[in-house]
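Student: sequence and predicted structure below; questions after.
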Amino acid sequence: MINITLRDDVKAFENGTSLLDVAKSISEGLARVALSATVDGSVCGLDFVPKKDCVVNFLTFDDEDGRRTYRHTTSHILAQAVKRLFPSAKLAIGPAIDDGFYYDFDFENPITNNDLEKIEAEMKKIIKEDLPLERFELPRAEALKLMEEKGEAYKVELINDLPEDAVISFYKQGDFTDLCAGPHLLSTGKIKAIKLQYTAGAYWRGNENNKMLTRIYGTAFPKKAELDEYIERLEEAKKRDHNKLGRELEIFTTVDSIGQGLPILLPKGAKIIQILQRFVEDHEDKNGWVRTKTPYMAKSDLYKISGHWDHYKDGMFVMGDEETDKEVFALRPMTCPFQYQAYLNRMRSYRDLPLRYGETSTLFRNEASGEMHGLIRVRQFTISEGHLMCRPDQLEEEFKNCLEMAIYMLKTLGLYEDVSYRFSQWDPDDKGKYIGTEEQWNEAQDTMAKILDHLEIPYKVGVGEAAFYGPKLDIQIKNVFGKEDTLITIQIDQMLAEKFGMEYIDKDGTKKNPYIIHRTSIGCYERTLALLIEKYAGAFPAWLAPTQVKILPISDNYLDYADKLYAALKEKGFRIELDDRSEKIGYKIREAQLEKVPYMIIAGEKEMNEGTVSVRSRKNGDLGTMTIDEFMIMLSKEIEDKVI
RNA sequence: GCUAGUGUGGCGCAGUUGGUAGCGCAAUUGAUUCGUAAUCAAUAGGCCGAGGGUUCAAGUCCCUUCACUAGCUCCA
């Protein structure tokens, strides 16, 4: 007998009982919704037969691993459909991802959207055929033989790269067999609602030197209604796309003759960035930061010391040619080596530390042409940059302060609930990308890990995501398409201080290199603006809104009164506009509403006689009548408190 | 940079097998002086991203290039 613990309850089963039978013994309902299960913590298919006492937890579509099982099986159905329609296509890999799945193929000829429809139709046929998925294992030599016979070169490569002791498993469904660790659903008929979404290129094994394969993305749900709702949600999210909304609301634009990744910030966009910049600089200064203002470019000599010339040259705009020109300049891609010169201006004592240098810094990075995206990835951007030089005993406290400042900014902007932490480490298998020795990297990462653990930061590790000079704590955020970008980064650097000969005289009279924290408190303004547009769908909180109040006179007869109101608001520094066109009030309200202005004040005969205004909020509609002073007090408080 | 796709007046779109550009909204002008999401009418606006080519004839076909979109790689 095998004892199986199901949540709190322990039950005994015959030897040879599968998890599906276990589920059935509990209830038919569970057997219907269970997709896979964890057995002592590892995910298994329902065909798994426990051989010893264990703890089983059934997974449904509500569990992440359950969803993954469901969608992974769907990716196999996709592969089967593709092989039926395009027998010459080669299979690469096909995992489940957060919201669906994909499968990479090497097609003989490119496929079209029309093909995608055909493939989806074939998938539906396979689902209807309700083919059982059968798992089997093969020794390495036989596994290789099977894949070679089928001409699956990519699978052969995958098998060859598996560790010696790995179990090599396959899943077979009807005429289709795939190398796969599983687990899977028991049959293709379990899949209910599917949708192939789009195709994209993807390099084999994620390496740009390898062949580019065709990746087909899709998703699957247990109910048609859930699929429809998901697609509807995606469509809704796209309406918030900053790249569309930002242009419609005249926040920014781009011009072909200026070039890619070089957006024009229009008055509204420039205003929001000015507000953010003042907010950030004031807050930093209050927290002990001092400002530097350093050049936008430098001779190649500087970048040779910092390592940029060897490790980042492709990412820089270089002016001139070392072969022919006496001096070669490059626009700065980072502020670090420039701010270090401020530190180096004189000899430092341990008493001088920490030194906190902030700069609102414009940077230039020659991104590959396919990388640019609205305001999120650009070639010129301005970042709230800063470098903090400190002693080892100050490192943790200062790191914490930098982090707290970033969190304060994110909370104030209302973005904090949307971010996640990533501990970006180096890739020991790709040492050429980094400066420093393995010992230095291990030490830097250990130091950072200790601090992060001590501060109880819930992070994910990103191998190979580090800067070339040190590990980072990245604060990540997703855009409306679900694509993740780094908003804020805080880095610990031990290497550049040494390279630049930055020192301080310690208590004992010896010279030491300071620790350097590279950090930003709000990230780059363009990217932050993009995410704010998406967060608020263009309807910015009053403290950020480029126009806070729009005055709408009912007719031309009240223009004089409207002018008085305008002057009163302007005098107090509110950002206001006056709509003095001879339009009907409904029309003016509609336009102000579409421009997403937080407040409208309506002035007609009644208000003029009473000396009041009628206030309409973008969010809550008509707020009734009040005096202009009452309105200004209300709005001032909202702005002061940075209500979001 | 790579894969796939897109590019027609400010915006959203039409433009059939190549025959010489249209619609809605916005804009402008005039009338209307209006009470919480669209007043009526008239007018103007485009060498169809750019540069070549094929053709009697190109928005429609071919080539090159630029920009935009999604994804990959890279990254704040």
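Tutor: Looks like it came in fine.

Student: run the chain-centre distance for stretch A:400-409.
Tutor: 19 Å (C-alpha atoms, centre = their mean, to the nearest Å).

Student: then stretch A:518-535?
Tutor: So, by C-alpha atoms, centre = their mean, the centroid of stretch A:518-535 is 12 Å from its chain's centroid.

Student: which other residues reach stretch A:172-180?
Tutor: With contacts defined as C-beta atoms under 8 Å, 6 or more residues apart in numbering, stretch A:172-180 is touched by A:76-77, A:79-80, A:83-84, A:91, A:94, A:126, A:129, A:131-136, A:143, A:146-147, A:150, A:152, A:155, A:158-159, A:168-171, A:187-188. Quick note: C-beta positions are derived from backbone N, CA and C, even for glycine.

Student: what separation is there between A:Asp352 and A:Asp104?
Tutor: A:Asp352 sits at a distance of 55 Å from A:Asp104 (criterion: C-beta to C-beta, to the nearest Å).

Student: who has more neighbours, those two?
Tutor: Using other C-beta atoms under 10 Å as the criterion, A:Asp352 and A:Asp104 rank with A:Asp104 on top: 24 against 15.

Student: can you map out the helices along the stretch 351-500 of chain A?
Tutor: Using DSSP state H, counting those that start in this stretch, the helices of the stretch 351-500 of chain A run over residues A:395-413, A:438-454, A:495-500.

Student: looking at those, which is closest to A:Arg68?
Tutor: Checking the helices of the stretch 351-500 of chain A against A:Arg68 by C-beta to C-beta gives helix A:438-454 as the closest, at 27.5 Å.

Student: which residues are contacting the closest one?
Tutor: A:395-396, A:399-400, A:423, A:425-426, A:428, A:431, A:434, A:436, A:459, A:470-471, A:473, A:492-495.

Student: so what are the sheet partners of the helix or strand harbouring A:Ala37 and their directions?
Tutor: Secondary structure assigned from DSSP states H and E places A:Ala37 in strand A:36-39. With DSSP bridges as the test, strand A:36-39 is paired with strand A:42-44 (antiparallel), strand A:54-59 (antiparallel).

Student: could you chop chain A up by domain?
Tutor: If you go by automatic domain parsing, the domain ranges for chain A are A:2-60, A:67-234, A:264-535, A:549-640.

Student: so how far is the third one off the chain centroid?
Tutor: In terms of C-alpha atoms, centre = their mean, the centre of domain A:264-535 is set 18 Å apart from its chain centre.

Student: mean confidence for it?
Tutor: The average of the pLDDT scores along domain A:264-535 is 93.

Student: gap between the two ends of that domain?
Tutor: Across its full length, domain A:264-535 reaches 21 Å between end residues, using C-alpha to C-alpha, to the nearest Å.

Student: what do you get for the last one?
Tutor: Between the opening and closing residues of domain A:549-640 lies a distance of 16 Å (C-alpha to C-alpha).

Student: does that domain reach RNA strand B?
Tutor: Yes. Counting by C-beta under 7 Å from any atom of the strand, RNA strand B has neighbours in domain A:549-640: A:554-557, A:582-587, A:589-590, A:593-594, A:600, A:602, A:604-607, A:614, A:616, A:621-622.

Student: for ChimeraX, what selects the buried ones among these?
Tutor: Buried members of the residues of domain A:549-640 next to RNA strand B, defined by 16 or more other C-beta atoms under 10 Å, are picked up in ChimeraX with:
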select /A:554,585,589,600,602,604,607,614,616
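
Student: how many other residues sit next to the closest residue to A:Asn210 other than its chain neighbours?
Tutor: Among residues not flanking A:Asn210 along the chain, A:Trp204 sits closest, at 4.0 Å (C-beta to C-beta, 6 or more residues apart in numbering). A count of neighbours around A:Trp204, defined by other C-beta under 10 Å, yields 16.

Student: specify the beta-bridge partners of the spatially most central residue of chain A.
Tutor: Per C-alpha atoms, centre = their mean, the C-alpha nearest to the average position across chain A is that of A:Glu484, at 1.8 Å. A:Glu484 forms beta bridges with A:Lys478, as assigned by DSSP bridges.

Student: which one, of the helices of the stretch 351-500 of chain A, ends up nearest to RNA strand B?
Tutor: Nearest to RNA strand B among these is helix A:395-413 (11.5 Å), distances taken as C-beta to the nearest atom of the strand.

Student: who touches A:Leu395 in this structure?
Tutor: A:447, A:451, A:492, A:515, A:517.

Student: likewise A:Glu398?
Tutor: A:354, A:356, A:388, A:390, A:517.

Student: helix, strand, or coil at the residue in the stretch 51-200 of chain A that RNA strand B sits nearest to?
Tutor: The stretch 51-200 of chain A approaches RNA strand B most closely through A:Ala200 (3.2 Å), counting by C-beta to the nearest atom of the strand. Secondary structure state of A:Ala200, per DSSP: H, G, I helix; E, B strand; the rest coil, is strand.

Student: wait, doesn't it sit right on A:Gly218?
Tutor: No. At 11.9 Å, A:Ala200 does not count as touching A:Gly218 under the criterion of C-beta atoms under 8 Å.

Student: out of those two, which sits in the busier spot?
Tutor: A:Gly218 (22 against 13).

Student: who's in contact with the more buried one?
Tutor: Counting by C-beta under 8 Å, 6+ apart, A:Gly218 has contacts A:74-75, A:78, A:100-102, A:120, A:194-197.

Student: got the contact list for A:Glu235?
Tutor: A:Glu235 neighbours (C-beta under 8 Å, 6+ apart): none.

Student: so which strand or helix has it?
Tutor: Going by DSSP H and E, A:Glu235 is in helix A:224-239.

Student: helix, strand or coil: sort out A:Gly586 for me.
Tutor: helix.

Student: doesn't A:Arg519 fall inside a strand?
Tutor: Yes. Judged by three-state DSSP, A:Arg519 forms part of a strand.

Student: what's across from the residue of the stretch 101-250 of chain A at minimum distance from RNA strand B in the sheet?
Tutor: The minimum distance from the stretch 101-250 of chain A to RNA strand B, using C-beta to the nearest atom of the strand, falls at A:Gly201 (2.7 Å). With DSSP bridges as the criterion, A:Gly201 is bridged to A:Thr214.

Student: for it, what are its contacts?
Tutor: Taking C-beta under 8 Å, 6+ apart as the test, what A:Gly201 contacts is A:212-215.

Student: apply 7 Å and report the result again.
Tutor: Counting by C-beta atoms under 7 Å, 6 or more residues apart in numbering, A:Gly201 touches A:212, A:214-215.

Student: buried ones among those?
Tutor: Buried, going by 16+ other C-beta under 10 Å: A:214-215, out of these.

Student: can you pull the residues of the stretch 301-450 of chain A lying near RNA strand B?
Tutor: A:315, A:365, A:367-374, A:376-379, A:381, A:383, A:433.

Student: buried ones among those residues?
Tutor: A:365, A:372-374, A:376-379, A:381, A:383.

Student: from those, which land in strands?
Tutor: Counted as lying in strands by DSSP state E, out of those, are A:381, A:383.
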